[in-house]
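Enquirer: here is my input; please provide its structure:
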Amino acid sequence: MNILSIQSHVAYGHVGNSAAVFPLQRLGIEVWPVNTVQFSNHLGYDGWTGEVFAAAHIRDVVKGIEDRGVMPGCDGVLSGYMGSAETGEAILDAVARVKRANPGAKYCCDPVIGDYDGGIYVREGIPDFFRTRALAAADVICPNQFELGVLTGLDSGTIDGTFAALDWLHALGIEFVLITSVFNEETPDDCIEMIASGPDGRFRLRTPRLPIKANGAGDAISALFFAHVLRNGSSGEAMAQAGSALFGVLKLTADRGAREILLVEAQDQLIAPTEVFEAERLG
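Expert: Below you'll find the predicted structure:
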């Protein structure tokens, strides 16, 4: 299996492609990473160095891959943080190139917009770009609960509102949805949830809440969910596999008191998680 992953990249730590590529490779998937930025570290630190790449650079790299004649073997495109609408258009152009070569390929969009703690932290125009352009092209999306509300304009903080938002997204033609960082009236105080929806139904995965807020966890879970969806076509099973793996990584990270997720040290959790959580079917 081959996945074209177009995301940011940091030399130190794990966000963007630095969080997505290794887990995919550990699952035995060939990854073609195209970096939208090259930074020393993620922006959660006091400073950083590096460069944001222009949309033309992204298009040029993708065109070079296409020129190798390998696009028919590309099974999917994965995207994350988009620094600008121009970057987003370059990503959608890459999706179109892949799907022309392989109509069976799928596009997974992680619509990075913000979260409840910090609100919207992307540039003006990015949320609108997701709503008007990216969602229409996506087969799989992986928003957190806050982003789900921004995208749909619905109350994503309740289970009924979440179901309405899922219906709205599926009506656009999006086949699979994974919602992360879910808290609603049914969530126990000591747990965190994910909800997945696809042709096989709606499912919830509930795991213990860990004392950690890890940059890159969303990028890793999107990559893992997409990989398992491509392999088994089940939203519930893909979420259970991805969620169990990420929990194992985050638990070791929390136990070590590390600031960056310990993807390499905890890599066996990606394949054989110590704790396996089962997806619960929702009505």
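Enquirer: how far away is the nearest residue to residue 114 once chain neighbours are set aside from residue 128?
Expert: Distances taken as C-beta to C-beta, 6 or more residues apart in numbering place residue 120 nearest to residue 114, at 4.1 Å, with adjacent residues excluded. For every residue, glycine as well, the C-beta is placed using N, CA and C. Separation of residue 120 from residue 128 (C-beta to C-beta, to the nearest Å): 11 Å.
Enquirer: just the strands in this structure please.
Expert: Remark: strands assigned in the chain by DSSP state E are 2-7, 30-35, 37-39, 50-52, 76-79, 106-109, 114-115, 119-120, 140-141, 176-182, 191-198, 201-208, 280-282.
Enquirer: neighbour count winner among residue 120 and residue 128?
Expert: Legend: neighbour count by other C-beta atoms under 10 Å for residue 120 and residue 128, higher for residue 120 (14 against 10).
Enquirer: my read: that one touches residue 113, true?
Expert: Yes - counting by C-beta atoms under 8 Å, residue 120 does reach residue 113; the two are 5.7 Å apart.
Enquirer: overlap in contacts of these two?
Expert: Here residue 120 and residue 113 have 127, 150 as joint contacts, going by C-beta atoms under 8 Å, 6 or more residues apart in numbering.
Enquirer: of all the helices and strands in this protein, which has the lowest average confidence?
Expert: Sorting the helices and strands of the chain by mean pLDDT, DSSP states H and E puts strand 119-120 at the bottom, at a mean of 84.
Enquirer: contacting residues for the residue nearest to residue 114?
Expert: 113, 114, 127, 150.
Enquirer: name the nearest residue to the first one, ignoring sequence neighbours.
Expert: Spelled out, it's residue 113. Spatially, and ignoring its direct neighbours in sequence, residue 113 is nearest to residue 147 (4.7 Å; C-beta to C-beta, 6+ apart).
Enquirer: what segments of this structure are helices?
Expert: Here the chain has its helices, by DSSP state H, at 17-26, 55-67, 85-101, 126-129, 135-137, 145-152, 159-171, 217-232, 235-256, 268-271.
Enquirer: any buried residues in the third one, and which?
Expert: Spelled out, that is helix 85-101. 85-92, 94-95, 97-99 (16 or more other C-beta atoms under 10 Å).
Enquirer: show me which of those residues has the smallest pLDDT value.
Expert: Comparing pLDDT over those, the lowest score belongs to residue 85 (91).
Enquirer: give me the neighbour count for the residue nearest to it when sequence neighbours are not counted.
Expert: Closest residue to residue 85 apart from its sequence neighbours, by C-beta to C-beta, 6+ apart: residue 129 at 4.5 Å. If you count neighbours by other C-beta under 10 Å, residue 129 ends up with 21.
Enquirer: can I assume residue 129 is in contact with residue 88?
Expert: Yes - contact criterion C-beta under 8 Å: residue 129 and residue 88 qualify, at 5.0 Å.
Enquirer: which neighbours do those two have in common?
Expert: With C-beta under 8 Å, 6+ apart as the test, residue 129 and residue 88 both reach residue 82.
Enquirer: does residue 74 really touch residue 107, like I thought?
Expert: No - counting by C-beta under 8 Å, residue 74 sits too far from residue 107 to count as a contact (10.7 Å).
Enquirer: skipping its backbone neighbours, what lies nearest residue 207 in space?
Expert: Distances taken as C-beta to C-beta, 6+ apart put residue 247 closest to residue 207, at 5.0 Å, once the chain neighbours are dropped.
Enquirer: please name the residues that touch that neighbour.
Expert: Contacts for residue 247 (C-beta under 8 Å, 6+ apart) come out as 207, 208, 210, 269, 273, 275, 277.
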